[in-house]
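Chemist: Please work out how this folds:
(2 chains)
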Amino acid sequence: MLSGEKAFLQIDQVLMTRNVGIVGMPPREVMFRLKGEGAEIYDLDALHVKPDLEITASYIPRVYCAILRTVLTNAKKMSLDAIYIDVGEGKCSGALYIAEILKGELNIPIIRTRNEDKIRFGNPICESDLPLLEKMNLITQSVLDTETLKGDLLRCEPVAGFWGVPPRDFSILSLFPPRTHIFGWTRCMENKTPADAALEQVVNPDVPTVFFAQSFCQKTALAYYLARRHPCGLYVDADVYMGYSTKAKVQAFLELNGAIN
Amino acid sequence: MILGDFGTSYTKLWDIEKEPVPRIVRSMDISCGLRTNLATGHNGARFGERYVNELTALARGAKRLIEEDDFVILDCGSRDLKFVRFSGDKVRDTGWNAECGASLGFTIELLERYYDLDYRQMSVPSTHLSVTCGVLGLSHIFDAIIQGARPEEAVASFIKGIALNAYRFAGSPPKLYLSGGLSENPIFVESMPCEVVVLGRFVLLEGLRYIASI
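Modeler: Residues are numbered from 1 along each chain as shown, chains lettered A, B, ... in the order given. Now for the predicted structure:
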(Lines give C-alpha, C1' and ligand atoms only; values in the text may rest on other atoms or scores of the structure.)
Protein backbone atom coordinates (compact mmCIF):
# COMPACT_ATOMS: atom_id res chain seq x y z
CA MET A 1 0.00 0.00 0.00
CA LEU A 2 1.30 3.43 -0.90
CA SER A 3 1.09 6.45 1.30
CA GLY A 4 0.54 9.81 -0.36
CA GLU A 5 4.28 10.36 -0.27
CA LYS A 6 5.11 7.00 -1.82
CA ALA A 7 2.55 7.55 -4.52
CA PHE A 8 4.21 10.88 -5.17
CA LEU A 9 7.47 9.08 -5.84
CA GLN A 10 5.80 6.87 -8.42
CA ILE A 11 4.74 9.84 -10.48
CA ASP A 12 8.19 9.80 -12.02
CA GLN A 13 7.13 6.64 -13.80
CA VAL A 14 4.37 8.46 -15.64
CA LEU A 15 5.91 11.84 -16.34
CA MET A 16 4.55 11.87 -19.86
CA THR A 17 1.01 11.37 -18.67
CA ARG A 18 -1.60 13.37 -20.52
CA ASN A 19 -4.99 12.01 -19.52
CA VAL A 20 -5.17 11.05 -15.87
CA GLY A 21 -8.16 9.64 -14.03
CA ILE A 22 -8.62 10.10 -10.31
CA VAL A 23 -10.86 8.15 -7.98
CA GLY A 24 -11.83 9.73 -4.70
CA MET A 25 -9.56 12.52 -3.54
CA PRO A 26 -5.86 11.77 -3.98
CA PRO A 27 -3.58 13.81 -1.67
CA ARG A 28 -3.33 17.49 -2.50
CA GLU A 29 0.38 17.09 -3.12
CA VAL A 30 -0.32 14.56 -5.86
CA MET A 31 -2.93 16.80 -7.44
CA PHE A 32 -0.53 19.74 -7.27
CA ARG A 33 2.13 17.74 -9.10
CA LEU A 34 -0.27 16.51 -11.77
CA LYS A 35 -1.53 20.00 -12.46
CA GLY A 36 2.03 21.23 -12.64
CA GLU A 37 2.69 18.66 -15.35
CA GLY A 38 -0.24 19.94 -17.31
CA ALA A 39 -2.14 16.67 -17.11
CA GLU A 40 -5.80 16.52 -18.09
CA ILE A 41 -7.47 15.25 -14.94
CA TYR A 42 -10.79 13.41 -14.94
CA ASP A 43 -12.78 12.60 -11.82
CA LEU A 44 -13.81 9.01 -12.53
CA ASP A 45 -16.44 9.06 -9.76
CA ALA A 46 -18.49 11.33 -12.02
CA LEU A 47 -20.16 10.49 -15.31
CA HIS A 48 -17.90 10.98 -18.31
CA VAL A 49 -19.16 8.43 -20.77
CA LYS A 50 -22.59 7.17 -21.70
CA PRO A 51 -23.77 5.19 -18.67
CA ASP A 52 -23.40 1.49 -19.42
CA LEU A 53 -23.09 -0.22 -16.10
CA GLU A 54 -23.54 -3.62 -17.71
CA ILE A 55 -19.95 -3.37 -18.83
CA THR A 56 -18.96 -3.82 -15.18
CA ALA A 57 -20.82 -7.11 -14.81
CA SER A 58 -17.81 -8.91 -16.28
CA TYR A 59 -15.75 -7.83 -13.28
CA ILE A 60 -17.95 -7.15 -10.26
CA PRO A 61 -21.47 -8.09 -9.15
CA ARG A 62 -24.38 -6.01 -10.40
CA VAL A 63 -25.31 -5.42 -6.78
CA TYR A 64 -22.44 -3.11 -5.93
CA CYS A 65 -21.85 0.56 -5.25
CA ALA A 66 -23.05 2.56 -8.27
CA ILE A 67 -20.21 5.07 -7.86
CA LEU A 68 -17.57 2.34 -8.12
CA ARG A 69 -19.41 0.76 -11.03
CA THR A 70 -19.25 4.19 -12.68
CA VAL A 71 -15.51 4.33 -11.98
CA LEU A 72 -15.04 0.99 -13.74
CA THR A 73 -17.17 2.05 -16.70
CA ASN A 74 -15.23 5.29 -17.11
CA ALA A 75 -11.90 3.53 -16.78
CA LYS A 76 -12.79 0.94 -19.39
CA LYS A 77 -14.22 3.36 -21.92
CA MET A 78 -11.96 6.38 -21.61
CA SER A 79 -8.53 6.63 -23.06
CA LEU A 80 -6.43 7.22 -19.97
CA ASP A 81 -2.70 7.15 -19.37
CA ALA A 82 -2.84 6.54 -15.63
CA ILE A 83 -5.28 6.34 -12.74
CA TYR A 84 -4.71 7.60 -9.22
CA ILE A 85 -7.12 5.87 -6.89
CA ASP A 86 -7.44 6.83 -3.26
CA VAL A 87 -7.97 3.73 -1.15
CA GLY A 88 -7.48 5.05 2.35
CA GLU A 89 -9.95 6.12 5.00
CA GLY A 90 -10.78 9.10 2.83
CA LYS A 91 -12.43 6.84 0.25
CA CYS A 92 -13.62 3.31 0.99
CA SER A 93 -12.58 -0.32 1.17
CA GLY A 94 -14.44 -0.90 -2.10
CA ALA A 95 -11.94 1.31 -3.91
CA LEU A 96 -9.15 -0.94 -2.66
CA TYR A 97 -10.63 -3.87 -4.56
CA ILE A 98 -11.53 -1.79 -7.60
CA ALA A 99 -7.86 -0.72 -7.73
CA GLU A 100 -6.87 -4.38 -7.94
CA ILE A 101 -9.37 -5.02 -10.73
CA LEU A 102 -8.21 -1.96 -12.67
CA LYS A 103 -4.64 -3.14 -12.28
CA GLY A 104 -5.58 -6.51 -13.71
CA GLU A 105 -7.69 -5.20 -16.57
CA LEU A 106 -5.94 -2.07 -17.80
CA ASN A 107 -2.51 -1.79 -19.21
CA ILE A 108 -1.75 1.56 -17.57
CA PRO A 109 -0.27 2.55 -14.20
CA ILE A 110 -2.81 2.27 -11.39
CA ILE A 111 -1.42 4.26 -8.49
CA ARG A 112 -2.97 3.77 -5.08
CA THR A 113 -2.87 6.69 -2.66
CA ARG A 114 -3.97 7.38 0.87
CA ASN A 115 -5.10 10.93 1.41
CA GLU A 116 -4.41 11.89 5.00
CA ASP A 117 -4.27 15.65 4.39
CA LYS A 118 -4.92 17.64 7.55
CA ILE A 119 -4.93 21.25 6.32
CA ARG A 120 -8.49 22.56 6.59
CA PHE A 121 -9.81 24.77 3.83
CA GLY A 122 -13.20 25.46 5.40
CA ASN A 123 -16.76 25.08 4.17
CA PRO A 124 -17.93 28.31 2.54
CA ILE A 125 -19.78 26.42 -0.20
CA CYS A 126 -21.51 23.97 2.15
CA GLU A 127 -22.92 26.83 4.22
CA SER A 128 -23.72 29.25 1.41
CA ASP A 129 -27.15 30.26 0.18
CA LEU A 130 -26.62 28.78 -3.27
CA PRO A 131 -29.09 26.12 -4.45
CA LEU A 132 -28.01 22.70 -3.24
CA LEU A 133 -27.42 21.39 -6.76
CA GLU A 134 -25.10 24.31 -7.49
CA LYS A 135 -23.26 23.81 -4.22
CA MET A 136 -22.76 20.13 -4.99
CA ASN A 137 -21.50 20.87 -8.49
CA LEU A 138 -18.98 23.38 -7.14
CA ILE A 139 -17.70 20.94 -4.54
CA THR A 140 -17.36 17.99 -6.90
CA GLN A 141 -15.57 20.18 -9.42
CA SER A 142 -13.27 21.43 -6.68
CA VAL A 143 -11.76 17.95 -6.36
CA LEU A 144 -9.66 18.84 -9.41
CA ASP A 145 -8.35 22.01 -7.76
CA THR A 146 -5.62 22.42 -5.22
CA GLU A 147 -7.04 25.66 -3.85
CA THR A 148 -10.48 26.60 -2.58
CA LEU A 149 -13.09 28.53 -4.47
CA LYS A 150 -12.34 32.20 -4.83
CA GLY A 151 -15.22 34.62 -4.67
CA ASP A 152 -17.87 35.91 -2.34
CA LEU A 153 -20.26 33.40 -0.93
CA LEU A 154 -22.90 34.44 1.56
CA ARG A 155 -23.34 32.19 4.54
CA CYS A 156 -26.99 31.49 5.25
CA GLU A 157 -28.89 30.29 8.28
CA PRO A 158 -29.98 26.76 7.37
CA VAL A 159 -33.53 25.46 7.21
CA ALA A 160 -32.48 21.95 6.16
CA GLY A 161 -29.45 19.70 5.96
CA PHE A 162 -28.07 17.22 3.45
CA TRP A 163 -25.61 14.72 4.88
CA GLY A 164 -23.65 12.33 2.73
CA VAL A 165 -21.56 11.78 -0.35
CA PRO A 166 -22.31 13.41 -3.68
CA PRO A 167 -24.97 11.07 -5.06
CA ARG A 168 -24.51 9.35 -8.38
CA ASP A 169 -27.87 10.82 -9.42
CA PHE A 170 -28.05 14.51 -8.55
CA SER A 171 -31.80 14.79 -9.23
CA ILE A 172 -32.62 14.47 -5.54
CA LEU A 173 -30.78 17.72 -4.81
CA SER A 174 -33.30 19.96 -6.54
CA LEU A 175 -35.89 18.96 -3.92
CA PHE A 176 -34.05 20.85 -1.19
CA PRO A 177 -34.45 24.55 -0.43
CA PRO A 178 -31.46 26.85 -1.14
CA ARG A 179 -30.84 27.31 2.57
CA THR A 180 -29.68 23.72 2.92
CA HIS A 181 -26.32 23.15 4.57
CA ILE A 182 -24.18 20.24 3.45
CA PHE A 183 -22.71 17.77 5.92
CA GLY A 184 -20.94 14.44 5.82
CA TRP A 185 -18.24 13.38 3.40
CA THR A 186 -19.14 16.15 0.93
CA ARG A 187 -18.19 18.60 3.65
CA CYS A 188 -14.87 16.79 4.02
CA MET A 189 -14.40 17.08 0.25
CA GLU A 190 -14.74 20.84 0.30
CA ASN A 191 -12.48 21.03 3.32
CA LYS A 192 -9.94 18.88 1.44
CA THR A 193 -9.70 16.47 4.35
CA PRO A 194 -11.55 13.39 3.07
CA ALA A 195 -10.35 11.15 5.91
CA ASP A 196 -11.60 13.49 8.64
CA ALA A 197 -14.02 11.15 10.41
CA ALA A 198 -14.86 13.75 13.05
CA LEU A 199 -15.87 16.34 10.46
CA GLU A 200 -17.88 13.71 8.62
CA GLN A 201 -20.02 13.22 11.71
CA VAL A 202 -20.78 16.91 12.26
CA VAL A 203 -24.51 17.60 11.97
CA ASN A 204 -26.85 20.42 12.87
CA PRO A 205 -29.49 19.03 15.26
CA ASP A 206 -31.71 22.07 14.78
CA VAL A 207 -32.67 21.48 11.15
CA PRO A 208 -34.38 18.53 9.45
CA THR A 209 -31.61 16.57 7.79
CA VAL A 210 -31.60 13.90 5.10
CA PHE A 211 -28.83 11.35 5.60
CA PHE A 212 -27.94 9.93 2.21
CA ALA A 213 -25.64 7.09 1.19
CA GLN A 214 -25.24 5.10 -1.98
CA SER A 215 -26.86 1.69 -1.69
CA PHE A 216 -24.31 -1.07 -0.99
CA CYS A 217 -21.78 1.48 0.31
CA GLN A 218 -20.30 0.99 3.79
CA LYS A 219 -21.29 4.56 4.60
CA THR A 220 -24.92 3.41 4.82
CA ALA A 221 -24.09 2.28 8.37
CA LEU A 222 -22.97 5.75 9.46
CA ALA A 223 -25.83 7.45 7.61
CA TYR A 224 -28.39 5.15 9.22
CA TYR A 225 -26.85 5.48 12.67
CA LEU A 226 -26.64 9.28 12.57
CA ALA A 227 -30.17 9.61 11.16
CA ARG A 228 -31.55 7.53 14.03
CA ARG A 229 -29.86 9.77 16.56
CA HIS A 230 -30.67 13.08 14.94
CA PRO A 231 -33.74 14.81 16.41
CA CYS A 232 -35.18 15.17 12.91
CA GLY A 233 -33.29 12.93 10.50
CA LEU A 234 -34.32 10.78 7.55
CA TYR A 235 -32.14 7.99 6.23
CA VAL A 236 -32.21 7.45 2.47
CA ASP A 237 -30.13 5.27 0.22
CA ALA A 238 -30.32 4.93 -3.53
CA ASP A 239 -28.53 2.94 -6.19
CA VAL A 240 -27.99 4.13 -9.75
CA TYR A 241 -30.98 6.45 -10.00
CA MET A 242 -33.27 8.12 -7.50
CA GLY A 243 -36.60 6.36 -7.74
CA TYR A 244 -39.92 8.14 -7.54
CA SER A 245 -40.61 6.80 -4.06
CA THR A 246 -37.20 7.97 -2.80
CA LYS A 247 -37.82 11.48 -4.08
CA ALA A 248 -41.33 11.45 -2.61
CA LYS A 249 -39.94 10.47 0.80
CA VAL A 250 -37.46 13.33 0.78
CA GLN A 251 -40.01 15.84 -0.48
CA ALA A 252 -42.60 14.82 2.11
CA PHE A 253 -40.03 14.83 4.91
CA LEU A 254 -38.86 18.35 4.07
CA GLU A 255 -42.38 19.64 3.55
CA LEU A 256 -43.87 18.11 6.68
CA ASN A 257 -41.02 19.47 8.78
CA GLY A 258 -41.43 22.98 7.46
CA ALA A 259 -38.27 23.17 5.33
CA ILE A 260 -40.23 23.70 2.12
CA ASN A 261 -43.79 24.85 1.41
CA MET B 1 -63.79 21.25 -4.95
CA ILE B 2 -63.13 17.73 -6.22
CA LEU B 3 -60.45 15.61 -4.61
CA GLY B 4 -59.04 12.41 -6.05
CA ASP B 5 -56.86 9.61 -4.74
CA PHE B 6 -55.91 7.79 -7.91
CA GLY B 7 -54.70 4.38 -6.84
CA THR B 8 -53.48 1.58 -9.06
CA SER B 9 -56.63 -0.56 -8.73
CA TYR B 10 -59.16 1.84 -7.24
CA THR B 11 -59.75 5.56 -7.37
CA LYS B 12 -61.35 7.44 -4.50
CA LEU B 13 -63.19 10.61 -5.52
CA TRP B 14 -64.79 13.23 -3.31
CA ASP B 15 -66.67 16.37 -4.28
CA ILE B 16 -66.49 17.86 -0.81
CA GLU B 17 -69.20 20.46 -1.48
CA LYS B 18 -71.74 17.97 -2.83
CA GLU B 19 -71.00 14.55 -1.41
CA PRO B 20 -71.06 13.63 2.29
CA VAL B 21 -68.62 10.77 1.80
CA PRO B 22 -66.15 9.78 -0.93
CA ARG B 23 -66.94 7.19 -3.58
CA ILE B 24 -64.79 4.40 -4.93
CA VAL B 25 -64.49 3.47 -8.60
CA ARG B 26 -62.24 1.02 -10.36
CA SER B 27 -59.27 2.86 -11.80
CA MET B 28 -59.70 1.12 -15.15
CA ASP B 29 -63.16 2.70 -15.44
CA ILE B 30 -61.91 6.27 -14.99
CA SER B 31 -62.47 8.52 -17.99
CA CYS B 32 -59.34 10.04 -19.47
CA GLY B 33 -61.06 13.45 -19.39
CA LEU B 34 -61.64 13.43 -15.63
CA ARG B 35 -60.08 16.39 -13.80
CA THR B 36 -59.91 17.05 -10.07
CA ASN B 37 -58.74 20.13 -8.22
CA LEU B 38 -56.37 18.20 -6.01
CA ALA B 39 -55.01 14.76 -6.70
CA THR B 40 -52.75 12.23 -5.11
CA GLY B 41 -51.95 8.57 -5.72
CA HIS B 42 -50.05 6.60 -8.30
CA ASN B 43 -51.96 8.09 -11.23
CA GLY B 44 -52.74 11.44 -9.62
CA ALA B 45 -50.46 13.61 -11.71
CA ARG B 46 -52.48 12.69 -14.83
CA PHE B 47 -55.81 13.87 -13.45
CA GLY B 48 -55.21 16.66 -10.96
CA GLU B 49 -54.83 20.39 -11.47
CA ARG B 50 -52.48 20.16 -8.52
CA TYR B 51 -50.68 16.99 -7.48
CA VAL B 52 -49.87 16.22 -3.86
CA ASN B 53 -47.18 13.72 -2.90
CA GLU B 54 -48.81 10.57 -1.47
CA LEU B 55 -46.75 10.57 1.71
CA THR B 56 -47.66 14.20 2.34
CA ALA B 57 -51.35 13.44 1.83
CA LEU B 58 -51.11 10.39 4.11
CA ALA B 59 -49.36 12.36 6.85
CA ARG B 60 -51.77 15.31 6.65
CA GLY B 61 -54.77 13.01 6.68
CA ALA B 62 -53.46 11.01 9.62
CA LYS B 63 -52.87 14.18 11.62
CA ARG B 64 -56.52 15.13 11.09
CA LEU B 65 -57.82 11.76 12.19
CA ILE B 66 -55.47 10.78 15.00
CA GLU B 67 -55.38 12.77 18.21
CA GLU B 68 -51.94 11.66 19.35
CA ASP B 69 -48.49 13.18 19.02
CA ASP B 70 -46.67 9.86 18.68
CA PHE B 71 -48.02 7.31 16.23
CA VAL B 72 -47.31 5.28 13.11
CA ILE B 73 -49.67 5.07 10.16
CA LEU B 74 -49.20 2.41 7.51
CA ASP B 75 -51.01 2.62 4.19
CA CYS B 76 -51.30 -0.68 2.36
CA GLY B 77 -52.55 -0.27 -1.16
CA SER B 78 -52.64 -2.28 -4.32
CA ARG B 79 -49.17 -1.51 -5.42
CA ASP B 80 -47.06 -0.43 -2.46
CA LEU B 81 -46.66 0.20 1.25
CA LYS B 82 -46.18 3.62 2.80
CA PHE B 83 -45.72 4.64 6.38
CA VAL B 84 -45.23 7.84 8.34
CA ARG B 85 -44.03 7.92 11.93
CA PHE B 86 -44.82 10.95 14.04
CA SER B 87 -43.04 11.64 17.30
CA GLY B 88 -43.55 14.71 19.41
CA ASP B 89 -45.95 15.94 16.74
CA LYS B 90 -43.15 15.88 14.13
CA VAL B 91 -42.52 13.54 11.23
CA ARG B 92 -39.60 11.39 12.35
CA ASP B 93 -39.55 8.79 9.61
CA THR B 94 -41.24 7.88 6.38
CA GLY B 95 -40.98 4.94 4.06
CA TRP B 96 -42.32 4.01 0.69
CA ASN B 97 -41.82 0.46 -0.42
CA ALA B 98 -42.68 0.35 -4.08
CA GLU B 99 -40.17 -2.28 -5.08
CA CYS B 100 -39.94 -4.97 -2.41
CA GLY B 101 -43.58 -4.33 -1.47
CA ALA B 102 -44.64 -4.52 -5.08
CA SER B 103 -48.20 -5.44 -5.89
CA LEU B 104 -49.09 -6.90 -2.49
CA GLY B 105 -52.69 -5.71 -2.47
CA PHE B 106 -53.11 -6.43 -6.14
CA THR B 107 -51.87 -10.00 -5.71
CA ILE B 108 -54.13 -10.65 -2.72
CA GLU B 109 -57.17 -9.51 -4.66
CA LEU B 110 -56.10 -11.60 -7.64
CA LEU B 111 -55.73 -14.70 -5.48
CA GLU B 112 -59.19 -14.24 -3.96
CA ARG B 113 -60.73 -14.34 -7.42
CA TYR B 114 -58.51 -17.07 -8.83
CA TYR B 115 -59.15 -19.52 -5.98
CA ASP B 116 -62.73 -18.29 -5.44
CA LEU B 117 -62.06 -17.42 -1.81
CA ASP B 118 -63.90 -15.21 0.67
CA TYR B 119 -61.42 -13.67 3.09
CA ARG B 120 -64.21 -12.84 5.54
CA GLN B 121 -64.89 -16.53 5.97
CA MET B 122 -61.26 -17.54 6.49
CA SER B 123 -59.30 -17.66 9.71
CA VAL B 124 -55.80 -16.46 10.51
CA PRO B 125 -53.33 -19.34 10.23
CA SER B 126 -50.77 -20.21 12.89
CA THR B 127 -47.92 -20.19 10.38
CA HIS B 128 -46.89 -17.78 7.66
CA LEU B 129 -44.98 -17.87 4.40
CA SER B 130 -41.79 -15.84 4.24
CA VAL B 131 -42.61 -13.30 1.56
CA THR B 132 -41.66 -9.71 0.89
CA CYS B 133 -43.19 -9.18 -2.51
CA GLY B 134 -46.52 -10.12 -4.04
CA VAL B 135 -45.04 -11.31 -7.29
CA LEU B 136 -42.27 -13.43 -5.78
CA GLY B 137 -44.64 -14.69 -3.08
CA LEU B 138 -46.85 -16.44 -5.64
CA SER B 139 -44.31 -19.20 -6.10
CA HIS B 140 -44.40 -19.90 -2.34
CA ILE B 141 -48.17 -20.38 -2.56
CA PHE B 142 -47.85 -22.78 -5.46
CA ASP B 143 -45.11 -24.70 -3.64
CA ALA B 144 -47.27 -24.99 -0.50
CA ILE B 145 -50.21 -26.32 -2.53
CA ILE B 146 -47.98 -28.84 -4.29
CA GLN B 147 -46.88 -30.03 -0.85
CA GLY B 148 -50.49 -30.66 0.16
CA ALA B 149 -51.81 -27.43 1.63
CA ARG B 150 -55.33 -26.36 0.70
CA PRO B 151 -55.42 -23.16 -1.39
CA GLU B 152 -57.16 -21.19 1.37
CA GLU B 153 -54.49 -22.27 3.88
CA ALA B 154 -51.64 -21.36 1.54
CA VAL B 155 -53.15 -17.99 0.64
CA ALA B 156 -53.90 -17.17 4.29
CA SER B 157 -50.30 -18.01 5.20
CA PHE B 158 -49.15 -15.79 2.37
CA ILE B 159 -51.30 -12.89 3.63
CA LYS B 160 -50.00 -13.36 7.15
CA GLY B 161 -46.43 -13.29 5.82
CA ILE B 162 -47.19 -10.06 4.03
CA ALA B 163 -48.73 -8.55 7.17
CA LEU B 164 -45.63 -9.39 9.23
CA ASN B 165 -43.40 -7.94 6.55
CA ALA B 166 -45.47 -4.76 6.42
CA TYR B 167 -45.35 -4.51 10.21
CA ARG B 168 -41.55 -4.73 10.21
CA PHE B 169 -41.36 -2.22 7.36
CA ALA B 170 -43.29 0.25 9.54
CA GLY B 171 -40.71 -0.16 12.33
CA SER B 172 -42.49 -2.81 14.45
CA PRO B 173 -44.49 -0.33 16.57
CA PRO B 174 -46.64 -1.45 19.51
CA LYS B 175 -49.65 0.22 17.92
CA LEU B 176 -50.35 0.69 14.23
CA TYR B 177 -52.90 2.79 12.41
CA LEU B 178 -53.81 1.12 9.13
CA SER B 179 -55.22 2.65 5.98
CA GLY B 180 -55.66 1.60 2.37
CA GLY B 181 -57.50 -1.23 0.70
CA LEU B 182 -55.71 -3.99 2.61
CA SER B 183 -56.96 -2.54 5.89
CA GLU B 184 -60.34 -4.03 4.92
CA ASN B 185 -58.92 -7.53 4.69
CA PRO B 186 -59.62 -9.30 8.03
CA ILE B 187 -56.80 -11.83 7.66
CA PHE B 188 -54.29 -9.10 6.98
CA VAL B 189 -55.46 -6.96 9.90
CA GLU B 190 -55.71 -9.83 12.39
CA SER B 191 -52.27 -11.12 11.41
CA MET B 192 -50.62 -7.95 12.67
CA PRO B 193 -48.70 -8.73 15.88
CA CYS B 194 -49.64 -5.45 17.55
CA GLU B 195 -52.59 -3.28 18.43
CA VAL B 196 -54.25 -2.14 15.21
CA VAL B 197 -56.61 0.76 14.53
CA VAL B 198 -58.20 0.67 11.10
CA LEU B 199 -58.80 4.08 9.53
CA GLY B 200 -60.14 2.92 6.19
CA ARG B 201 -59.49 3.93 2.63
CA PHE B 202 -59.94 7.69 2.68
CA VAL B 203 -57.05 8.93 4.80
CA LEU B 204 -55.25 10.43 1.79
CA LEU B 205 -58.46 12.23 0.79
CA GLU B 206 -58.64 13.64 4.32
CA GLY B 207 -55.16 14.90 3.77
CA LEU B 208 -56.16 16.57 0.52
CA ARG B 209 -59.18 18.12 2.25
CA TYR B 210 -56.87 19.62 4.84
CA ILE B 211 -54.50 20.94 2.16
CA ALA B 212 -57.46 22.44 0.28
CA SER B 213 -58.48 24.30 3.43
CA ILE B 214 -55.16 26.06 4.01
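Chemist: Name the nearest residue to the residue nearest to the spatial centre of chain B, ignoring sequence neighbours.
Modeler: Nearest to the mean C-alpha position of chain B, by Cα atoms, centre = their mean, lies B:Cys76 at 2.0 Å. Nearest in space to B:Cys76, with sequence neighbours left out and distances taken as Cβ to Cβ, 6 or more residues apart in numbering or on different chains, is B:Leu182 at 3.6 Å. Heads up, the C-betas are built off the backbone N, CA and C, glycines and all.
Chemist: so what pLDDT did the one you found get?
Modeler: We have a pLDDT of 91 for B:Leu182.
Chemist: next one: phi and psi at it?
Modeler: Phi and psi for B:Leu182, reported as degrees, to the nearest 10, are phi -70, psi -20.
Chemist: My read is that it contacts B:Gly105, right?
Modeler: Yes - using Cβ atoms under 8 Å, B:Leu182 makes contact with B:Gly105 at a distance of 5.0 Å.
Chemist: any common contacting residues for those two?
Modeler: Counting by Cβ atoms under 8 Å, 6 or more residues apart in numbering or on different chains, the residues touching both B:Leu182 and B:Gly105 are B:Cys76, B:Gly77.
Chemist: For burial, what's the neighbour tally of the closest residue to chain B within the stretch 1-150 of chain A?
Modeler: Going by Cβ to the nearest Cβ, chain B is nearest to A:Val63 of the stretch 1-150 of chain A, at 13.4 Å. For A:Val63, the neighbour count with other Cβ atoms under 10 Å in any protein chain shown is 9.
Chemist: Tell me the secondary structure of it, please.
Modeler: coil (DSSP: H, G, I helix; E, B strand; the rest coil).
Chemist: which residues does the closest residue to A:Cys217 other than its chain neighbours contact?
Modeler: With Cβ to Cβ, 6+ apart as the criterion, A:Cys217 has its nearest non-adjacent residue at 4.8 Å, and that residue is A:Cys65. Each residue near A:Cys65 by Cβ under 8 Å, 6+ apart is listed here: A:Cys92, A:Gly94, A:Gln214, A:Ser215, A:Phe216, A:Cys217.
Chemist: Quickly list the domain ranges of chain A.
Modeler: Chain A breaks down by automatic domain parsing into domains covering A:4-113, A:132-256.
Chemist: Serialize those to JSON lines and add fields for mean pLDDT.
Modeler: Output for those, formatted as JSON lines (pLDDT from 0 to 100):
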{"stretch": "domain A:4-113", "mean pLDDT": "86"}
{"stretch": "domain A:132-256", "mean pLDDT": "93"}
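Chemist: what residues does chain B put near chain A?
Modeler: For chain B, the residues in contact with chain A (Cβ under 8 Å from any Cβ of the partner chain) are B:53-56, B:59-60, B:80, B:84, B:90-99.
Chemist: Of the residues you listed, which belong to strands?
Modeler: Those of those mapping onto strands are B:Val84, B:Lys90, B:Val91, B:Arg92, B:Asp93, B:Thr94, B:Gly95, B:Trp96, B:Asn97, per DSSP state E.
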